[in-house]
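# all I have is the shape, not the residue letters:
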Ligand SMILES: N[C@@H](CC=O)C(=O)O
């Protein structure tokens, strides 16, 4: 693993919300990153983090000591916040237009922005990366910096949490050329920033609608599987993906039930072997948060299960099971990923580690 002489100073934009809290929990004792700054709305600014989050700490582990007395800054005091950090994670809660503008404004202060938000996912020169799959897309950053007129500053985003249970399998099976997928996702309530305490209507309930989620689940995989052409990322032509997204009474863990067709139908054994052996840049570079084995195939008929498998590889890994031939499609399977770790803050932390290892994030 790379050793840094001193830790990089990190700011969390939107640090009081659920994803911000997850960033703070994951970054306690991080070997490369030290959270020095938390920025949130004017309502929280000036308070200590503990005061600002009072009664709203949603993690299952206690609030880390180091963060309790940090004075929350106003996220719109861009220069003041940028002065205190080497880069920021963004989990701000604003309109898409506001997010696009504020993330660009931070990037223009020469502060790299690693964002959990969807606002910039379709900006053509903004990489949307799952580090095991398409960390080569970070090469687009040089064109983004030209557009923004920056030397250090840029924006990189991570994709939606709903796709993390099946896109890794698609990447592992690329050589068999997947042509068509029919998916249903079963999404945990933490994806909506909720716990059962603040969303009691979800106990024993299913809600067959998550605003905007189906389009993201169908389209974002194509950007990840795409390639750089000139100064933009061009999305892949296929596979065709159709998806239904359903909210289920689970705290953490998005499950995907997937039917899949291939151009060249492989054997079940070949598919399982590709899943278990799939490695990418985080494993090769031995990044601090990299799961040793990114995808694990579980042979038992009743796995993956949220209760047993959501924390696989500390929530950074993906579990797959129930792979079998189908009567209409070539195969069907189930995938599971932790939505607030691999699917949100953890995916952001791993992306930032990849950006450090590749030299895009440095000390100011
Ligand atoms: N929109 C998702 C969160 C993923 O990023 C959800 O509602 O589960």
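In hand now; what should we look at? Remember, it's a predicted structure, so these values are computed and weren't measured experimentally. Numbers count the residues shown, from 1 in each chain.

# let's verify the residue in the chain that the ligand sits nearest to: helix, strand, or coil?
Using CB to the nearest ligand atom, residue 191 is the residue of the chain that sits closest to the ligand, at 2.0 Å. C-beta here means a position set from N, CA and C on the backbone, and glycine is covered the same way. Assigned with DSSP: H, G, I helix; E, B strand; the rest coil, residue 191 falls in the helix class.

# for burial, what's the neighbour tally of the nearest residue to it once chain neighbours are set aside?
In this structure, residue 191 finds its nearest non-sequential neighbour in residue 339, 4.8 Å apart by CB to CB, 6 or more residues apart in numbering. Residue 339: 30 surrounding residues under other CB atoms under 10 Å.

# can you confirm residue 339 is in a strand?
No - using three-state DSSP, the assignment for residue 339 is coil, not a strand.

# return the residues of the stretch 101-250 of the chain in contact with the ligand.
Residues of the stretch 101-250 of the chain lying near the ligand by CB under 6 Å from any ligand atom: 160-162, 187, 191-192, 210, 213.

# what about 5 Å?
160-161, 187, 191-192, 210 (CB under 5 Å from any ligand atom).

# and the two most separated of those residues?
160 and 192 (12.8 Å; CB to CB).

# and these two? which has more neighbours close in?
residue 160 (28 against 16).

# and the strands in the stretch 251-364 of the chain?
Under the criterion DSSP state E, counting those that start in this stretch, the stretch 251-364 of the chain contains strands at 254-262, 295-298, 318-325, 331-337.

# now those as JSON lines including mean pLDDT?
Shown next, in JSON lines, are the strands of the stretch 251-364 of the chain (pLDDT from 0 to 100):
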{"stretch": "strand 254-262", "mean pLDDT": "98"}
{"stretch": "strand 295-298", "mean pLDDT": "98"}
{"stretch": "strand 318-325", "mean pLDDT": "98"}
{"stretch": "strand 331-337", "mean pLDDT": "98"}
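
# make JSON lines out of those and add mean neighbour count.
Formatted as JSON lines, those follow (neighbours: other CB atoms under 10 Å):
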{"stretch": "strand 254-262", "mean neighbour count": "23"}
{"stretch": "strand 295-298", "mean neighbour count": "21"}
{"stretch": "strand 318-325", "mean neighbour count": "21"}
{"stretch": "strand 331-337", "mean neighbour count": "24"}
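
# looking at those strands, which is closest to residue 126?
Residue 126 lies closest to strand 331-337 among the strands of the stretch 251-364 of the chain, at 22.3 Å (CB to CB).

# right, is the closest one up against the ligand?
No - applying CB under 5 Å from any ligand atom, one finds strand 331-337 separated from the ligand by no less than 10.6 Å.
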